[in-house]
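Participant: Below are the sequence and a predicted model; questions follow.
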Amino acid sequence: MKQSRRRQQQSQAAKNFPKNIALIGLSLFFIVVLAAWTFWHRPEQGRVVKIIDGDTIILDNGEVVRYIGIDTPEVSVPATALECYGPEATEKNRELVEGQEVKLIRDIKNKDKHGRLLRYVYVQNSDIFVNLELIKGGYARTLTVYPNVSYAREIEVNATEAQRDKRGLWSAENCQLDR
């Protein structure tokens, strides 16, 4: 009787073996995916050493960072024409981040065609989300480029409010732009 029961247990174990292997494999797959996702989305850090314009900075490691989701008026004369409210946007960016430790959050696409890191930028040890601050103050317009759309809705809502409230570049008192 004991042998018969042992054979039944062995037979059942043999039947369940493929299921058990599949569960172990699936568990390992999810662990690897979770580890990769955690690595991919871990914040980077750096100190801002130079302000290029309202939406571009250089870090102490030499990396150039372009803010995701926004576009400020240009100031890079003679490469492009000086755009109205560009100097103000650049100065606001300087006030927010120059010399500051920043936390950089990547989205899906890592770099743009110019080799710049594409990031959402936060001032370290504060609640300042730089991309959003520039939008809220009317220093920038939205620039949604797929697939980097994680904060697109929040940025769009705040841009609409800035435009409605005529802040910054949306003010009639400031120069006219092709909006």
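Facilitator: On my side now, so go ahead.
Participant: which residues in the protein form strands?
Facilitator: Remark: strands assigned in the chain by DSSP state E are 44-53, 56-59, 64-67, 69-71, 101-105, 117-123, 141-143.
Participant: what's the closest of those strands to Gly168?
Facilitator: Gly168 sits nearest to strand 141-143 of all those, at 10.0 Å, using Cβ to Cβ. C-beta here means a position set from N, CA and C on the backbone, and glycine is covered the same way.
Participant: in terms of contact count, name the helices or strands touching that closest one.
Facilitator: Applying 3 or more Cβ pairs under 8 Å, 6 or more residues apart in numbering; DSSP states H and E, we find strand 141-143 packed against strand 69-71, helix 152-164.
Participant: For that strand, what does the pLDDT average out to?
Facilitator: Averaged across strand 141-143, the pLDDT comes to 95.
Participant: Show me how far it is from its chain's centre.
Facilitator: In terms of Cα atoms, centre = their mean, to the nearest Å, the centre of strand 141-143 is found 14 Å from the chain centre.
Participant: strands paired with that strand, and their directions?
Facilitator: strand 69-71 (antiparallel) (DSSP bridges).
Participant: show me what contacts the spatially most central residue of the chain?
Facilitator: Centroid-nearest residue in the chain, with Cα atoms, centre = their mean: Tyr120, separated by 3.5 Å. Tyr120 is in contact with 67-69, 104-107, 129, 131, 150-151, counting by Cβ atoms under 8 Å, 6 or more residues apart in numbering.
Participant: rewinding a little: could you say which of the helices and strands packed on strand 141-143 is packed most deeply?
Facilitator: strand 69-71 (a mean of 23; mean count of other Cβ atoms under 10 Å).
Participant: What mean pLDDT does that strand get?
Facilitator: 96.
Participant: can you list contacts of that strand?
Facilitator: So strand 69-71 is contacted by 55, 120, 131, 134-135, 140-144, 148-149, 151-152, 155 (Cβ under 8 Å, 6+ apart).
Participant: Tell me which residues of stretch 69-88 come out buried.
Facilitator: Across stretch 69-88, burial judged by 16 or more other Cβ atoms under 10 Å covers 69-75, 83, 85-86, 88.
Participant: Can you add distance to Gln124 and give the residues you listed back as CSV?
Facilitator: Shown next, in CSV, are these (distance: Cβ to Cβ, whole Å):
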residue, distance to Gln124
Gly69, 20
Ile70, 20
Asp71, 24
Thr72, 22
Pro73, 27
Glu74, 28
Val75, 26
Glu83, 30
Tyr85, 27
Gly86, 27
Glu88, 25
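Participant: so where do the helices sit in this protein?
Facilitator: 2-40, 86-97, 130-136, 152-164 (DSSP state H).
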